[in-house]
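K.L.:
Predicted model follows, preceded by the sequence.
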Amino acid sequence: MVARPPWTHPGQIREGVGKLTPRVWLGLMWAVGWVYKNADALTASLSAEKGRKMRRTERDMFPARLQKAKVFAEDKYIYSWKRVDLSATDYTVTEDTILTSTGDIDEWDYAALNLLEQSNVADGKVGSGVDQGGAAFPNNFHMQAIGGGKNDVAGTEVTLGVKPCVIMFTHRNSDNSIRYFFCSANGFDGTCI
């Protein structure tokens with residue numbers, strides 16, 4: 001950042017010009033001096049406010065479109081997302097470029113959890129009540145990420161077959177951080193034999 005030269009008051013005026021009287025001039029110069037003196041704090045405050053608005057919403061829930069999934073455990077994913085605006089006239093959705101899962105590092109900084117997946121266990125039982133290890137479950141079928149796609153390698157990104165819209169909720173953790181989540185039942189897909 002380039003250092004600013006020190007503020008130098010330009011002095012007083014003795015006669016006014018229209019509504020710019022000596023008293024108005026004095027008030028203006030005081031305000032300019034105050035802003036100049038507090039410029040770093042004001043810049044930091046404005047940046048923090050901009051970041052706050054970009055990363056969360058004033059509402060507890062909002063519509064969002066899932067973009068990608070990333071495996072964090074077997075049959076458990078985190079999801080990148082973008083808030084959407086709903087058209088009042090033609091029933092379409094438009095992705096928001098401001099409120100998204102992207103933070104300072106990448107699109108996973110504010111990734112969302114699917115609460116239903118948090119009950120999934122390694123033996124194949126999933127939160128929607130399906131037992132993938134049961135005798136009646138087809139051998140070549142697997143639980144899919146919301147939007148389609150499957151992988152079990154932790155850290156692997158999954159390209160979704162479709163980018164579904166969900167109702168996204170916000171939750172403030174005890175450490176005051178924001179967590180995003182939604183609740184949706186996973187589909188199953190595979191090869192029929």
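P.N.:
The structure has been received and is ready for your questions.
K.L.:
Show the average pLDDT along whichever strand or helix holds Val32.
P.N.:
Assigned by DSSP states H and E, Val32 falls within helix 22-37. For helix 22-37, the mean per-residue pLDDT is 86.
K.L.:
Who are the packing partners of it?
P.N.:
Using 3 or more CB pairs under 8 Å, 6 or more residues apart in numbering; DSSP states H and E as the contact test, no helix or strand touches helix 22-37. Just so you know, the C-beta spots here come from the backbone N, C-alpha and C atoms, and that holds for glycine as well.
K.L.:
Just the buried positions in it, please.
P.N.:
Residues 25, 29 are the ones in helix 22-37 that count as buried (16 or more other CB atoms under 10 Å).
K.L.:
Next SSE downstream of the lowest-mean-pLDDT helix or strand in the chain?
P.N.:
Least confident helix or strand of the chain, by mean pLDDT, DSSP states H and E, is helix 39-55 with a mean of 68. Per DSSP H and E, the first helix or strand lying C-terminal to helix 39-55 is strand 61-73.
K.L.:
Which strands or helices does that next one pack on?
P.N.:
With contacts defined as 3+ CB pairs under 8 Å, 6+ apart, strand 61-73 has these neighbours: strand 76-86, strand 93-100, strand 157-159, strand 165-172.
K.L.:
make it 10 Å
P.N.:
In terms of contacts (3 or more CB pairs under 10 Å, 6 or more residues apart in numbering; DSSP states H and E), strand 61-73 is packed against strand 76-86, strand 93-100, strand 112-114, strand 157-159, strand 165-172, strand 178-182.
K.L.:
so which of these comes closest to Gly129?
P.N.:
strand 112-114 (14.9 Å; CB to CB).
K.L.:
Give me the mean pLDDT for whatever helix or strand comes next after that closest one.
P.N.:
Note on strand 112-114: by DSSP H and E, the next helix or strand toward the C-terminus is strand 141-143. In this model, strand 141-143 has a mean pLDDT of 85.
K.L.:
From Pro6, how far out is Gly161?
P.N.:
When distance is defined by CB to CB, to the nearest Å, Gly161 is 61 Å away from Pro6.
K.L.:
okay, the two: which has more neighbours?
P.N.:
Neighbour totals were compared for Gly161 and Pro6, and Gly161 leads with 13 against 7 (other CB atoms under 10 Å).
K.L.:
Model confidence at Lys70, what's the number?
P.N.:
Taking Lys70 on its own, its pLDDT is 96.
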